[in-house]
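K.L.:
Build me a structure from this.
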Amino acid sequence: MHPVTDICAISSNSVTPNERGNPNTYFSGRSVDTESTAIGTVATMQPTKLDIPKIVLTDINGREVKPEFTAFPSIESSSCQEYIDHIFAFDPALAKSRFVVSEKLDGANMTVMITPNNIRYFSRNREISAEKPFFDAPMILKKYKKDFLAVQSGLDIMGCQFITLRGEYYGKGINQRIDYGQSQYYAPFAIEKDGQTQTNQQFRTFMKRMNFSQLQPVPILADNVTFAQAIAFNPEKVLTKAHAPQPATAMHDEKPIARYDFIEGVVIQPANRLIKDSNNLFLLKKRAEGFLEIEKTHTKHTSKKGKSKRPPDASHRSSNDLNASSFNRLIDYINANRLINVVSQLGDPTSHKQIGSYVNAVLQDAKKDYCKHHPDTELEDQIPTEAFKPAHAKILELIREKYPELFCRKQKAI
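P.N.:
Next up is the predicted model:
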């Protein structure tokens with residue numbers, strides 16, 4: 001196990017193990033399984049008063065370094081044979097690996113970044129805070145605080161400066177297409193140590209050894225199978241294992257299982273490999289046809305109410321399945337000040353040929369701010385025609401008012 005490097009103690013404060021969220025269990029610091037995560041063995045100890053120093057991450061020159069958030073990439077569909085062939089041609093050994101099939105939760109992508117001093121939450125494209133919540137987060141995440149603190153207190157023994165948990169935030173009120181019960185939950189599905197992606201086996205070993213009180217990983221539906229077996233997994237009419245309602249008993253009236261109790265689909269990945277010469281997992285998603293019908297019906301239902309219930313996770317959507325209510329108030333973000341901001345970066349346009357690039361720059365700038373205030377939209381989403389046309393027209397009008405000579409030259413040329 002490698003020691004922690006480039007960490008500088010700048011002050012100290014005393015807290016009890018209980019305050020750190022991990023009262024009885026601590027790592028011994030010995031490497032146990034070098035083939036998996038090498039995070040050490042677990043030793044049970046009596047709670048004692050500890051001096052926990054406040055530390056900062058520094059580079060080799062002693063300058064403070066803050067881990068940067070990067071969005072988790074969208075997952076490719078298992079139906080994209082061209083992508084699969086490309087990956088396997090690049091990394092032939094990957095095709096011969098053993099694979100894991102896990103449940104794909106119908107929720108929103110969420111990242112938890114844990115450093116020695118902070119626990120930060122992110123949606124796919126922005127940081128989550130009390131001032132800028134994401135559904136019921138960060139309030140709902142308080143129930144996981146003890147588990148997050150346990151990770152924080154074990155960073156040094158795990159030989160890393162920060163841990164990044166990738167997971168799905170799901171439950172009541174998020175997408176409302178699958179019945180996950182009456183609350184909202186966070187389920188990790190991947191882990192990174194100091195920005196280095198760990199294999200699925202390393203992630204599962206980490207989860208098992210931490211023995212969290214609340215955090216549970218996404219459910220595993222098939223393990224140690226070949227790629228052919230994994231890709232052939234049938235996701236139809238498989239009941240969700242993620243906080244599903246309790247089944248009816250003899251003491252209650254029997255009722256048929258609602259189709260909303262079935263899974264969205266599955267995620268397929270190698271058990272113990274990354275893509276060769278990369279820091280990337282090889283992930284494929286396979287969605288159930290039954291769920292796609294639910295999604296289609298649900299989208300039509302919500303669009304009639306003028307409010308989209310599309311999932312914030314861009315991996316769930318394509319440019320064709322966004323309903324008209326997405327970005328329906330984008331035009332409110334188009335104004336003269338935004339154009340001025342773009343001009344301050346690009347300079348004044350000098351020819352009619354540049355108008356298109358300025359329109360696009362203003363549009364992207366407005367889209368970025370819109371997504372910050374509307375968790376149900378993502379930067380990767382295509383703006384529906386109903387929202388794009390008025391926004392485009394308004395930008396052109398603003399440019400015409402500020403630079404009328406550009407349009408006059410165009411008319412003379414004609």
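K.L.:
secondary structure class for Asn328?
P.N.:
coil (DSSP: H, G, I helix; E, B strand; the rest coil).
K.L.:
Not counting its neighbours along the chain, what's nearest it?
P.N.:
Ala387 (5.8 Å; CB to CB, 6 or more residues apart in numbering). Using the backbone N, CA and C atoms, a C-beta is placed for each residue, glycine as well.
K.L.:
where's the one you found relative to Leu94, distance?
P.N.:
40 Å (CB to CB, to the nearest Å).
K.L.:
Check Gln182 too.
P.N.:
In terms of CB to CB, Gln182 sits 41 Å off from Leu94.
K.L.:
Those two: which has the busier surroundings?
P.N.:
Leu94 (18 against 10; other CB atoms under 10 Å).
K.L.:
same for the helix or strand in which that one is found, what does it pack against?
P.N.:
Assigned by DSSP states H and E, Leu94 falls within helix 92-95. For helix 92-95, the elements it packs on are helix 81-90, judged by 3 or more CB pairs under 8 Å, 6 or more residues apart in numbering; DSSP states H and E.
K.L.:
average model confidence for the helix it packs on?
P.N.:
For helix 81-90, mean pLDDT rounds to 95.
K.L.:
any idea how far that helix is from the chain center?
P.N.:
Offset of helix 81-90 from its chain centre (CA atoms, centre = their mean, to the nearest Å): 24 Å.
K.L.:
Now do the contacts for the residue lying closest to Gln354 once chain neighbours are set aside.
P.N.:
Closest residue to Gln354 apart from its sequence neighbours, by CB to CB, 6+ apart: Leu406 at 7.9 Å. Contact analysis of Leu406 by CB atoms under 8 Å, 6 or more residues apart in numbering lists Pro349, Ser351, His352, Gln354, Ile355, Ile399, Arg400.
K.L.:
Pro404 is in contact with the third one, correct?
P.N.:
In other words, His352. No. Here His352 lies out of contact with Pro404, judged by CB atoms under 8 Å, at a distance of 11.5 Å.
K.L.:
between these two, who's got more neighbours?
P.N.:
Comparing His352 with Pro404 by neighbour count (other CB under 10 Å), the higher total belongs to His352, at 16 against 10.
K.L.:
Quick check: the gap between that one and Arg338.
P.N.:
From His352 to Arg338 the distance is 21 Å (CB to CB).
K.L.:
What of Gln229?
P.N.:
Taking CB to CB, one finds Gln229 at 52 Å from Arg338.
K.L.:
Which one's more surrounded, those two?
P.N.:
Shown here are Gln229 and Arg338; by other CB under 10 Å, Arg338 has more neighbours (18 against 14).
K.L.:
Would you work out how far apart the start and end of stretch 90-97 are?
P.N.:
14 Å (CA to CA, to the nearest Å).
K.L.:
Confirm the residue nearest to Gln354 sits in a helix?
P.N.:
Yes. Judged by three-state DSSP, Leu406 forms part of a helix.
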